[in-house]
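Participant: please find the sequence and the predicted model below.
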Amino acid sequence: TNLIVIVVVFILALVFGILGAAWLESKKVNMAFIPIGVDYFQVLAIFTGSNIPWPSYFKDILAVFSFFNIDIDIAAPECLDPNMTYAVKFILTMSAPLVVLFLMFLLFVFKLIKATFCKSCCRQEKFDWRWYISIFLIIVYFLYLTVTRRALEIFTCNPATPDDGFMWATFSSPECPYGLCRCYDSTRHEATKDFYQANFIGAAITFLCIYTLGFPLLVLVIIIKNKRAIKLDQLLRAYEMGDTQDEASDQTWEVRVKYHQLYYHYKPGKVYWLLWIIYRKVAIAVVAVVFYSNPGFQLALTILILFSAYVLQVRNKPYMSEVERLMEVAFHEHAVEEKNEKHMLMESAILNVKRRKEAQQRQGGRRGSAVILDFANQTMEGGRGKLSSSKKKNRSGQSKAQQYFFDYNTVELILLGSAIVVCASGIMFTTGQF
């Protein structure tokens, strides 16, 4: 019975995650701060299971961060059911993306039935199945590190102290003698082929190939295939246009609805940045597995990865927060002045969107929204290359401190810096002097 409760709670957590993401999406909430914070907490939660002598109070803090990894271990299911095997936790974790896909399908069917038979209650709601692709991709992104760590956990084998000649897994299961599971050793095939850990090697490799490698490849293909439309969509976002299907072009609208969660936080020239973040998370997870028995070296390599990420963040500043949008508009207008072919093509598409918006507003008689309509025209004064006085006044309304600390690039830098400090603190604790 307890096992059924755990499975139900796990599925309910995924359901609430889907509904929460759907609600934020429907309200058009800018969720840039959410993935930045979740990425930070997920990386720190990796150290929960590391062989690092953290102080007890800090271990409790790291255990709380495990919540952001959607880690079933945080519920301590073994305490509810001592007979629960590791296989159950492995299957639950690895099936999470499939469960999300199934739940998204049920939500899609419900919305379809509602739109078909209850047209009066859906008058203000346009049903578009492509919207579910974006929600599914962002939830899978949040699950990415959880599934990857569970698959890599199968290969985390270390000698005992004192060494007994065998390698031991970091997980435990009632099916192993005294709950301690030995690892398979290819050099001692006959002696270790029947060990419990060997049963999961094939499944772990399969999920690493399909999910750990497959998801970044899927993101890469989507970005490469739709690169021009994505860049144009981000420029329209900087101009505060293209928010409705009637206003945007068919190409940019389709890309925005289906894939915007993959790129809409970033500048038009940095739409690939999500791949760098995935690489950073996987690299830290692999280091945690390979150097589990050497925590000092593990933390040193993690600092190297985080410091390289910090340098790349400083050099590129990839996030397009509110204070960066005018800069992107100015850069685009300057490129058009320089007769840059790609930007001239995008400028033509932007002008078409502006004309379409003007025609819609003339037909609807909505003169009160002229301020929004003229954003792109008033962004540059006297043509191109100079910010308008109205925009300067709007920006001067915010202090420099507000513009700096509410910039997503600043938030990312602060969190990366604090993660480096945490790793440096871990190295100090491994010396035994603290």
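Facilitator: Received the coordinates, thanks.

Participant: now Q245: closest residue in space that isn't a chain neighbour?
Facilitator: W253 (5.2 Å; Cβ to Cβ, 6 or more residues apart in numbering). C-betas here are computed from N, CA, C, even on glycine.

Participant: quick one: what helix or strand has the one you found in it?
Facilitator: Using DSSP states H and E, W253 falls within helix 250-259.

Participant: state the distance from the residue nearest to Q245 to L236.
Facilitator: 10 Å (Cβ to Cβ, to the nearest Å).

Participant: the more surrounded of the two?
Facilitator: More crowded of W253 and L236, by other Cβ atoms under 10 Å: L236, with 25 against 21.

Participant: count the residues that sit near the nearest residue to the more buried one once chain neighbours are set aside.
Facilitator: Using Cβ to Cβ, 6+ apart and skipping the chain neighbours, the partner closest in space to L236 is G242 (3.6 Å). Per other Cβ under 10 Å, the neighbour tally for G242 reads 23.

Participant: and G242, how far from T187?
Facilitator: Per Cβ to Cβ, G242 is found 60 Å from T187.

Participant: with Y196 instead?
Facilitator: Relative to T187, and taking Cβ to Cβ, Y196 is found at 19 Å.

Participant: quick one, which of these two is more surrounded?
Facilitator: Taking other Cβ under 10 Å, Y196 and T187 do not tie; Y196 has more neighbours (21 against 6).

Participant: test my guess that that one contacts C176.
Facilitator: Yes. Between Y196 and C176 there is a contact at 5.0 Å, judged by Cβ atoms under 8 Å.

Participant: ok so, going back, now do the same contact list for the residue nearest to L236.
Facilitator: Residues in contact with G242 (Cβ atoms under 8 Å, 6 or more residues apart in numbering) are 233, 236, 248-249, 252-253, 256, 353.

Participant: now with 10 Å, please.
Facilitator: Counting by Cβ atoms under 10 Å, 6 or more residues apart in numbering, G242 makes contact with 232-236, 248-249, 252-253, 256, 349-350, 353, 356-357.

Participant: where does pLDDT dip in this protein?
Facilitator: Scanning the chain for pLDDT under 70 picks out the ranges 1-11, 13-14, 17-18, 20-33, 71-82, 119-127, 364-406, 434.

Participant: the longest strand out of those in it pairs with which strands, and in what direction?
Facilitator: Longest strand in the chain, counting residues (DSSP state E): strand 167-172. If you go by DSSP bridges, strand 167-172 pairs up with strand 157-159 (antiparallel), strand 180-182 (antiparallel).

Participant: so for S172, which of the ones you listed sits nearest?
Facilitator: Ranking these by proximity to S172 (Cβ to Cβ) places strand 180-182 first, at 6.2 Å.

Participant: mind listing what the residue nearest to I278 when sequence neighbours are not counted touches?
Facilitator: Spatial nearest neighbour of I278, chain neighbours left out: P216 (5.1 Å); criterion: Cβ to Cβ, 6+ apart. Contacts of P216 were listed using Cβ under 10 Å, 6+ apart, and they are 144, 274-275, 278-279, 282.

Participant: buried among the residues you listed? Need that as a selection in PyMOL.
Facilitator: Selecting only the buried entries of these in PyMOL, with 16 or more other Cβ atoms under 10 Å as the criterion:
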select buried, resi 144+274+278+282
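
Participant: between the contacts of P216, which sits nearest E322?
Facilitator: Among the contacts of P216, and counting by Cβ to Cβ, the member closest to E322 is L274, at 20.2 Å.

Participant: you'd agree that closest one is up against Y266?
Facilitator: Yes. L274 is within contact range of Y266, at 7.6 Å (criterion: Cβ atoms under 10 Å).

Participant: hey, what's in contact with both of these two?
Facilitator: Here L274 and Y266 have P318 as joint contacts, going by Cβ under 10 Å, 6+ apart.

Participant: report all helices and strands that the strand or helix carrying L112 contacts.
Facilitator: Per DSSP H and E, L112 falls inside helix 96-117. Counting contacts by 3 or more Cβ pairs under 10 Å, 6 or more residues apart in numbering; DSSP states H and E, helix 96-117 is packed against helix 2-26, helix 131-153.

Participant: tell me which residues in the shortest one are buried?
Facilitator: Using 16+ other Cβ under 10 Å as the burial criterion, the residues of helix 131-153 that qualify are 131-132, 134-153.

Participant: next: stretch 241-250.
Facilitator: By neighbour count on 16+ other Cβ under 10 Å, the buried set for stretch 241-250 is 241-242, 247-249.

Participant: return the distance of the closest residue to Y263 other than its chain neighbours relative to I52.
Facilitator: Nearest non-adjacent residue to Y263, counting by Cβ to Cβ, 6+ apart: V271, 4.2 Å away. Separation of V271 from I52 (Cβ to Cβ): 36 Å.

Participant: sorry, back to before: what sits up against the longest strand of the chain?
Facilitator: With contacts defined as Cβ under 10 Å, 6+ apart, strand 167-172 is touched by 49-51, 73, 78, 85-86, 89-90, 150, 153-161, 176, 178-185, 188, 192, 195-197, 200, 289, 292.

Participant: what residues does the closest residue to W131 other than its chain neighbours make contact with?
Facilitator: Closest residue to W131 apart from its sequence neighbours, by Cβ to Cβ, 6+ apart: V257 at 5.6 Å. Applying Cβ under 10 Å, 6+ apart to V257 gives the contacts 128-134, 245, 248.
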